[in-house]
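Undergrad: kindly generate the corresponding structure for this input.
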Amino acid sequence: MFGRRKPARLDFDRSRLEPCIRKSVCTGERTAGFLDRSTGKFEEYALIRSDEDLQRFLDACGVSPDGVKTIY
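TA: Just a heads-up that it's a prediction; the model follows:
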């Protein structure tokens, strides 16, 4: 009755945007967002502070951990 709600699905243009994780080489900070395939620009969505944050982003995008690109 008082369990966790399922995360809402993110609505994004899958033909143009690719969900990915940007990771800092210096600090290791991770940011979830979308990579525009045509321009190569990264659009930030959320800061990833834990594995639960990452899983929440993956579930909302409907992708598996193997299907997400990491850019540095």
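
Undergrad: okay, and the residue positioned nearest the centre of the chain sits in which element?
TA: Nearest to the geometric centre of the chain sits Ala32, at 3.7 Å (C-alpha atoms, centre = their mean). Following DSSP states H and E, the helix or strand that holds Ala32 is strand 30-36.

Undergrad: residues contacting that strand, please?
TA: Counting by C-beta atoms under 8 Å, 6 or more residues apart in numbering, strand 30-36 makes contact with 12, 16-24, 41-48, 53-54, 57, 69, 71, all of which sit outside it. Every C-beta, even on glycine, is put in place using the N, C-alpha and C of the backbone.

Undergrad: again, only using 6 Å
TA: Judged by C-beta atoms under 6 Å, 6 or more residues apart in numbering, the contacts made with strand 30-36 from elsewhere in the structure are 17-23, 42-48, 57.

Undergrad: which of those count as buried?
TA: Leu17, Glu18, Pro19, Cys20, Ile21, Arg22, Tyr45, Ile48, Phe57 (16 or more other C-beta atoms under 10 Å).

Undergrad: pretty sure the second one sits in a helix.
TA: Spelled out, that is Glu18. No: counting by DSSP: H, G, I helix; E, B strand; the rest coil, Glu18 falls outside a helix, being strand.

Undergrad: and the closest residue to it other than its chain neighbours, bridged to which residues?
TA: Of all residues not flanking Glu18 in the chain, Leu35 sits nearest, at 4.7 Å (C-beta to C-beta, 6 or more residues apart in numbering). Each beta-bridge partner of Leu35 is listed here, defined by DSSP bridges: Glu18, Phe42.

Undergrad: much appreciated, bye for now.
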